[in-house]
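> Below are the sequence and a predicted model; questions follow.
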Amino acid sequence: MLVATGMFAGAALTSSDSRPQPRQLERATPSPRPSVLAATALSKTPPRKQMPIPVRMIVPAIGLNKPLIPLGLNRDHTIQVPASFGAVGWFKPGPEPGEKGGAVMLGHVDSRSGPGAFYRLRALRRGDIIRIQPRTGRQLRFVVTGSRAFPKRRFPTRLVYRKTGGPTLRLITCDGRFDGRTGHYVDNYIVFASLVARR
């Protein structure tokens, strides 16, 4: 499921977990597409101090405890998505969680067989905790700062991939109305979080 690039366009904040039951889907994959500019910028970013590789995401508020798998770019510059609907992926060319910048995490919302890893992402609220366990070292603790739904036709590329003053996360999945003609959802749902502590 491809997501068009685009500037941020006033999408409403959401405040309820009103997701319908899983649908019989042809393919329901969140594939946020960084613009060619964004992808090029990632490749030209000066070397940075590397954080340990993230291996697990734990989100107590929604009962999520999943291993993290690395994701790269497809040939058309779309981000790869997890092969398993129950997995959470981390965009490896971007920052590691804990580094300055936005670490991008992707998960499916549902599938033909049931809920995906990010099925309950909409239930997260400001102040909820997201924990990232690196391969070595202390666990990273992020706090949710906001969430929004965006039409895929106007995916907020600059907002998601822009530089940030400190370590942040962007959790992305599919959302909105399911278009039976295309077999895809029409929106993306994005949760934003900032680092608060290392345990």
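Alright, I've got the coordinates.
> Which strands and helices lie in contact with the strand ranked longest in the chain?
Ordering each strand of the chain by length in residues (DSSP state E) puts strand 184-198 first. When contacts are defined as 3 or more Cβ pairs under 8 Å, 6 or more residues apart in numbering; DSSP states H and E, strand 184-198 packs onto strand 140-151, strand 167-179. For every residue, glycine as well, the C-beta is placed using N, CA and C.
> out of these, deepest packed?
Ranked by mean neighbour count, those are led by strand 167-179 with a mean of 21 (mean count of other Cβ atoms under 10 Å).
> low pLDDT regions in the chain?
1-49, 197-199 (pLDDT under 70).
> And the strands in it, which stretches?
Using DSSP E, strands in the chain cover 5-6, 54-59, 64-71, 88-91, 101-107, 110-111, 114-115, 129-134, 140-151, 155-156, 167-179, 184-198.
> Switch those strands over to a markdown table; also include distance to residue 82.
Converted to a markdown table, those look like this (distance: least, Cβ to Cβ, whole Å):
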| stretch | distance to residue 82 |
| --- | --- |
| strand 5-6 | 21 |
| strand 54-59 | 12 |
| strand 64-71 | 6 |
| strand 88-91 | 4 |
| strand 101-107 | 7 |
| strand 110-111 | 11 |
| strand 114-115 | 14 |
| strand 129-134 | 16 |
| strand 140-151 | 20 |
| strand 155-156 | 19 |
| strand 167-179 | 11 |
| strand 184-198 | 15 |
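> quick one: which of these is nearest residue 122?
When these are compared by Cβ to Cβ, strand 184-198 sits nearest residue 122, at 6.2 Å.
> shouldn't residue 136 be in contact with residue 54?
No: counting by Cβ atoms under 8 Å, residue 54 is not a contact partner of residue 136; they are 10.9 Å apart.
> Tally up the residues packed near residue 126, please.
14 (other Cβ atoms under 10 Å).
> quick one: contacts for it?
The contact partners of residue 126, by Cβ atoms under 8 Å, 6 or more residues apart in numbering, come to 144, 145, 146.
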